[in-house]
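Trainee: this one's sequence-less:
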């Protein structure tokens, strides 16, 4: 049977990270190692005359990634931009997209028209064609949409290329995305493309599940991140939401997810103020923060406070099914 | 609101074909004309040094495309093969695939392992790598999977290239797929590739919604199909299922859907017996039937009985949401 009442057999008990490891094992040779396979923001496909083809897929479902407080227009744009954020994380440029719609028969045509207006607007803005798709049926009251996006990257930036000593940077500010940024964000395409032209930018990814969870996949084995808490850019929304939740602001900053900012590592030898100046000239409107560095360290804990050397507790992020 | 109780605003009232037309209108310039966009079995992307890149997406949902009578293994294989059938319909070869899983937290790990065993087996058999994907949450008891498949086609065969006078062929036999073929079929990849090397093969598609619905999209404007009913290959399953349903066997042959056979048109000047011999030498195990031809005809009705010139009633196929 598909669904189980035996908790020990359910995917929610296994958890997302363990499940993905299982899937790779189940697939065996059909699942090539990253970057050609599972494990980065996009899969890197065959080399082209210039650069590489890249491929990513991402979905939104009613009740999970958006609800009645989000307009149809914003929901449609969110689907496109989530995928664009994965392209940005490779330093890529978007190509053609295909869309699978899964919906109950009672979906409103008027709502769907606005959903497609959001898709169209985002596709026009980022110059990507929607070239095909599929429509299939669900029970009444259910709606999901899956977008698969192709792209090209001249020099793809991988998660796995981070090195000991690298400095860690993030764009924008983090936390509290539930208050609106989860759909109103701008994918950092131009920033990612520019970074991928610099040989001193080693590794890059986008923050979708939260810094707390995502940063771990950028750390080499036997390394930890030494983080300067006072340099981590706190979104106003994280402060606002902490007032309601009663939790620490930093927990929201690390664990809320859906920031869609870039996290990247730069060679230890760069001149930080020169880099910051170059950034400001190129992207005057995109905040940039150096939040710490990658150091050899106890493999028992991924994050340390750079000032106190104490372990930081926020190692989880948004975990599906939890 | 997403969902409506006003029947006049629901997508089920609009119907699938009208909805796809609406979507193309809503997307405007973001939706390029076929074959670069919506309207064929795959989208045909940029030219490669040799041939073209092609792209398709297709999904399966529990309760819609399979139920508890279908093993997890067969469900997984079906998802891969549905997409391969679209690649076959272009005369293409499959490339990398990405998979989006949408599932309730109560999905059984044991079931999912068997689902991936089916995926792996099909991917190994057809030599395609699964390079990435996405996992996201639904309410308990729900499961969908969406596969997007890339490919290449040296000389893509389009639906729109059929000409007046062309002879119509189908592979295999039609109808009654519900009894098992809907998951146990073999995508006609080698057949599609071979046909795409022949300049006398003008147009090609796969039969997923049923001959009754699908053949219409192969007919040029102002044309009808003159069909030889005694030449249409009837599956044993169609006869069996008609005994239970009380409907005509031919209705099942035309309207059941999920045959995953190739429908293609050949130039009027070919030597039919020479072509049939060449086919038999190349594909001794794949039945081939010449079911009629494309003729200038009354645009009011798509199908005529070639012997009696009477209109044939089976113009619908599997319609989502009906």
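Mentor: Great, that's in hand. None of these values were measured; they are calculated from a predicted model. Residues are numbered from 1 along each chain as shown, chains lettered A, B, ... in the order given.
Trainee: Hmm, residue A:251 is touching residue A:314, no?
Mentor: Yes. Counting by C-beta atoms under 8 Å, residue A:251 does reach residue A:314; the two are 5.7 Å apart. Quick note: C-beta positions are derived from backbone N, CA and C, even for glycine.
Trainee: you'd agree residue A:61 is in a strand?
Mentor: Yes. Under DSSP: H, G, I helix; E, B strand; the rest coil, residue A:61 sits within a strand.
Trainee: Chain neighbours aside, what residue packs nearest to it?
Mentor: residue A:144 (4.2 Å; C-beta to C-beta, 6 or more residues apart in numbering or on different chains).
Trainee: Check residue A:275 too.
Mentor: Using C-beta to C-beta, 6+ apart, the closest residue to residue A:275 is residue A:266 (6.7 Å).
Trainee: what about the helix or strand that contains residue A:74, distance to the chain center?
Mentor: For residue A:74, the element it lies in under DSSP states H and E is helix A:72-89. The chain centroid and the centroid of helix A:72-89 are separated by 11 Å under C-alpha atoms, centre = their mean, to the nearest Å.
Trainee: on contacts alone, who are the packing partners of it?
Mentor: Using 3 or more C-beta pairs under 8 Å, 6 or more residues apart in numbering or on different chains; DSSP states H and E as the contact criterion, the elements in contact with helix A:72-89 are strand A:52-61, strand A:93-103, helix A:109-125, strand A:143-153, helix A:181-184, helix A:189-196, strand A:201-206.
Trainee: now do 6 Å
Mentor: strand A:52-61, helix A:109-125, strand A:143-153, strand A:201-206 (3 or more C-beta pairs under 6 Å, 6 or more residues apart in numbering or on different chains; DSSP states H and E).
Trainee: What does the most centrally placed residue in chain A show for phi and psi?
Mentor: Using C-alpha atoms, centre = their mean, the residue of chain A that lies closest to the mean C-alpha position is residue A:208, 3.1 Å off. Note on residue A:208: backbone dihedrals following degrees, to the nearest 10 are phi -110, psi -30.
Trainee: sorry, back to before: mind putting the helices and strands packed on helix A:72-89 into a markdown table with mean pLDDT?
Mentor: Output for those, formatted as a markdown table (pLDDT from 0 to 100):
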| stretch | mean pLDDT |
| --- | --- |
| strand A:52-61 | 96 |
| helix A:109-125 | 97 |
| strand A:143-153 | 97 |
| strand A:201-206 | 98 |
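Trainee: With mean neighbour count as added columns, please give those in TSV.
Mentor: Formatted as TSV, those follow (neighbours: other C-beta atoms under 10 Å in any protein chain shown):
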stretch	mean neighbour count
strand A:52-61	25
helix A:109-125	20
strand A:143-153	26
strand A:201-206	25
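Trainee: returning to that earlier point: how about the residue nearest to the centre of chain A, what does it touch?
Mentor: Residues near residue A:208 by C-beta atoms under 6 Å, 6 or more residues apart in numbering or on different chains: none.
Trainee: do you know how far it is from residue B:194?
Mentor: According to C-beta to C-beta, to the nearest Å, residue A:208 stands 44 Å off from residue B:194.
Trainee: Also residue A:64?
Mentor: 44 Å.
Trainee: and the helix holding residue A:74, average pLDDT?
Mentor: Average pLDDT, helix A:72-89: 98.
Trainee: What of stretch A:258-278?
Mentor: pLDDT averaged over stretch A:258-278 gives 97.
Trainee: Let me know the secondary structure of the nearest residue to residue A:197 once chain neighbours are set aside.
Mentor: Closest residue to residue A:197 apart from its sequence neighbours, by C-beta to C-beta, 6+ apart: residue A:155 at 6.9 Å. Under three-state DSSP, residue A:155 falls in the coil class.
Trainee: give me the number of residues near residue A:155?
Mentor: Residues near residue A:155, counting by other C-beta atoms under 10 Å in any protein chain shown, number 16.
Trainee: same thing with residue A:99?
Mentor: 26.
Trainee: What of residue A:30?
Mentor: For residue A:30, using other C-beta under 10 Å, the count is 22.
Trainee: Now do it, the pLDDT please.
Mentor: At residue A:30, pLDDT is 97.
Trainee: Quick check: it touching residue B:122?
Mentor: No. Counting by C-beta atoms under 6 Å, residue A:30 sits too far from residue B:122 to count as a contact (9.1 Å).
Trainee: what sits against the residue nearest to residue A:275?
Mentor: Counted by C-beta under 6 Å, 6+ apart, residue A:266 has contacts A:167, A:200, A:201.
Trainee: Wait, the first one touches residue A:293, no?
Mentor: Yes. Taking C-beta under 6 Å as the definition, residue A:167 is a contact partner of residue A:293 at 5.0 Å.
Trainee: Tell me how chain A divides into domains.
Mentor: For chain A, automatic domain parsing gives the domain ranges A:32-153, A:159-305.
Trainee: With respect to burial, which of the ones you listed scores highest?
Mentor: With neighbours defined as mean count of other C-beta atoms under 10 Å in any protein chain shown, the domains of chain A peak in mean count at domain A:32-153, which reaches a mean of 22.
Trainee: is it true that residue A:274 lies in a strand?
Mentor: No. Assigned with three-state DSSP, residue A:274 falls outside any strand and is helix.
Trainee: gap between it and chain B?
Mentor: 36 Å (C-beta to the nearest C-beta, to the nearest Å).
Trainee: Distance check, that residue against residue A:191.
Mentor: Computed as C-beta to C-beta, the residue A:274 to residue A:191 distance reads 17 Å.
Trainee: try residue A:228
Mentor: Applying C-beta to C-beta to residue A:228 and residue A:191 gives a distance of 21 Å.
Trainee: cool, and residue A:74?
Mentor: 22 Å.
Trainee: Check residue A:138 too.
Mentor: Taking C-beta to C-beta, one finds residue A:138 at 37 Å from residue A:191.
Trainee: One more: residue A:156?
Mentor: Distance from residue A:156 to residue A:191, by C-beta to C-beta: 15 Å.
Trainee: for chain A, which spans come out with low pLDDT?
Mentor: A:299, A:318-322 (pLDDT under 70).
Trainee: Please give me every residue in contact with residue A:117.
Mentor: Residue A:117 sits in contact with residue A:73, where contact means C-beta under 6 Å, 6+ apart.
Trainee: Let's see that with 7 Å instead.
Mentor: Counting by C-beta atoms under 7 Å, 6 or more residues apart in numbering or on different chains, residue A:117 touches A:73, A:76, B:26.
Trainee: Residue A:121 is in contact with the second one, correct?
Mentor: Spelled out, it's residue A:76. No. Counting by C-beta atoms under 7 Å, residue A:76 stays clear of residue A:121, with 8.0 Å between them.
Trainee: Pretty sure residue A:115 sits against residue A:74.
Mentor: No. Using C-beta under 7 Å, residue A:115 makes no contact with residue A:74, being 9.3 Å away.
Trainee: Name the nearest residue to residue A:87, sequence neighbours excluded.
Mentor: That would be residue A:151: by C-beta to C-beta, 6+ apart, it lies 4.5 Å from residue A:87.
Trainee: contacts for the helix holding residue A:74?
Mentor: Taking C-beta under 7 Å, 6+ apart as the rule, helix A:72-89 contacts A:41-42, A:54, A:56, A:58, A:60, A:66, A:94, A:111, A:114-119, A:121-123, A:126, A:145, A:147, A:149, A:151, A:183, A:185, A:187-189, A:192, A:204-206, A:208, A:260, A:262.
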